[in-house]
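>>> Show me the folded form of this:
(one chain, ligands or ions: 1)
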Amino acid sequence: MNDTSRLISELSESMKRGDLPPWRAESKLLDQGVKSPDHFFPAALARKAYVEDISGEAFSHLQVLEKPYIQPWQCPKDGIIHNLEAQEKDLTCTVCKSALTSYKGPLAGYAPLVASYVAGLEDYISYCGQITVRGAIDRSFVNLTAMGPGMSAIGLARGCFLVNRFGGAEVHVEPLARTARCMGYIFAKPETRDRAREVIEANLERITAAVNERLAKVGAKVGQVEFGTDNFGPDYFLYVCFYGDVPEYRAHGEISWAVGEAREITDFILNEARVEFNLSVIAQGYDGDFKPSPSNKRGRRVSAQVRIPVKTMEEFLEKPVDRFLAFIEMDRRGVEKLGWFFYTGMGAEIISGLYKATRINPRMPLTTCLERIYAFMDRGDLVYGVELPSVEAGVWSSIEGAVPPTGREVMRIMGITNTREFCANLAAQVLAGEFNLACEIVRGKLYSREVSRLY
Ligand SMILES: [Zn+2]
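Below is the predicted model of the structure:
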């Protein structure tokens, strides 16, 4: 065994014993005399070995970069400092195309690609702790994420540690998710629109049966059909929105085809009844596709909360718990003053980090990033929680589309086997990240002159 492999195994062994937080591997190696940037690669390998040990799963698709760090370069012409991945071969200024020279100024040196890096060539995967959930789902997950290059992954790991110490995240996951697609009709007169609605309602069983036949492929069925009206100028609108209840899958494709067929049937029925319409369409504004709105009915509601005795919390904060509650309210109102209807703190970053690491659909988790935070006192405890009202997720490589092997591997290592577990993990991670952030802000530990450096 050479020196490097001995160092790697010593590091991962001390992580397993709990003597070394996994994100401290780099600084430990520097302490032992390994010179930067040679410490980044063994630190990543040690963390990888640790994650394999705690998850019982091996990495096979996720590769580890040999140079998992960035190095600074400078443009001699315009002075811009470029932080480039060490693998990068294009060493020209993106602005003026001059050849870059090695940066020699203050803080010159190598920086980690991302905090707590474990693998990934394009999306850099970080380890961000383990989280225990209970309630709707009972299990522990090993968290891997593809968040940004900052300290968020470490803050998240720290939050998970706190939540676990207080008994884990109590999760609520709705048993059914919803999918939605809306037929839209445009009429010249309000009377014609009213007549169309009557005809559609009289034939609704037959139209819905066609939708159900297609939705059955993903184990879903129509739970609600909603009618809505509006008008603008000479046009009178009729919305007929079909909502499907989905135990698994996301069912976005199936409901689209199903309601597309329903619209063709409805056109035929309206024509037969001699109800004239100017246009028949899919009105995708009303069905909420990628619309971050509190009244969006797509997806699944999921929440996670933690309960902490007030005395414990006050010792931890070194402040009365009322101050913590006041901060949560101040933050919530700050968001409202901006005109945003829901709170999003660190959540949107955590949520997109998990979607990016697992590569599940939808690849743009816009609606899923809606988040509400709550905190209240109950029987001598502080209860702190997060609610995600519309999480859309399809987990497997399925008829809904393929998930790349790296994404499947992330889920396998994490211990996610279905949509409900994905949602439970997502809410628990958001809880942990937000809770840690709120605590650190109230304790006055964040955003100070002291810069946390990993290298
Ligand atoms: Zn330049």
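>>> What residues does the stretch 1-150 of the chain have near the ion?
Selection of the stretch 1-150 of the chain residues close to the ion by C-beta under 5 Å from the ion yields 75, 77-78, 93, 95-96, 98. Where you see a C-beta, it was placed from the backbone N, CA and C, and this is true even at glycine.
>>> what about burial for these, which qualify?
75, 93 (16 or more other C-beta atoms under 10 Å).
>>> What strand or helix carries the most centrally placed residue in the chain?
Relative to the mean C-alpha position of the chain, the nearest C-alpha, by C-alpha atoms, centre = their mean, is the one of I351, at 1.7 Å. Here I351 sits within helix 347-358, counting by DSSP states H and E.
>>> by contact count, what packs against that helix?
strand 139-145, helix 152-165, strand 381-391, helix 405-414, helix 419-442 (3 or more C-beta pairs under 8 Å, 6 or more residues apart in numbering; DSSP states H and E).
>>> same thing but at 10 Å, please
Contacts defined by 3 or more C-beta pairs under 10 Å, 6 or more residues apart in numbering; DSSP states H and E place helix 347-358 against strand 125-135, strand 139-145, helix 152-165, strand 381-391, helix 405-414, helix 419-442.
>>> Which among the ones you listed is found nearest to D230?
Closest approach to D230 among the helices and strands packed on helix 347-358 (C-beta to C-beta): strand 381-391, 22.5 Å.
>>> quick one: strands adjacent to the closest one?
Looking at strand 381-391 with DSSP bridges, its partner strands are strand 300-309 (antiparallel), strand 372-378 (antiparallel).
>>> Buried ones in the helix holding I351, by neighbour count?
Those would be 347-358, for helix 347-358 by 16+ other C-beta under 10 Å.
>>> Kindly reformat these as CSV containing distance to G380.
Shown next, in CSV, are the buried residues of helix 347-358 (distance: C-beta to C-beta, whole Å):
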residue, distance to G380
G347, 28
A348, 33
E349, 33
I350, 30
I351, 32
S352, 37
G353, 35
L354, 34
Y355, 38
K356, 40
A357, 38
T358, 38
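>>> can I get those in JSON lines with pLDDT and distance to the ion?
Formatted as JSON lines, the buried residues of helix 347-358 follow (pLDDT from 0 to 100; distance: C-beta to the ion, whole Å):
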{"residue": "G347", "pLDDT": "91", "distance to the ion": "37"}
{"residue": "A348", "pLDDT": "90", "distance to the ion": "33"}
{"residue": "E349", "pLDDT": "92", "distance to the ion": "31"}
{"residue": "I350", "pLDDT": "95", "distance to the ion": "35"}
{"residue": "I351", "pLDDT": "96", "distance to the ion": "36"}
{"residue": "S352", "pLDDT": "94", "distance to the ion": "31"}
{"residue": "G353", "pLDDT": "96", "distance to the ion": "32"}
{"residue": "L354", "pLDDT": "97", "distance to the ion": "37"}
{"residue": "Y355", "pLDDT": "96", "distance to the ion": "35"}
{"residue": "K356", "pLDDT": "95", "distance to the ion": "30"}
{"residue": "A357", "pLDDT": "96", "distance to the ion": "34"}
{"residue": "T358", "pLDDT": "96", "distance to the ion": "38"}
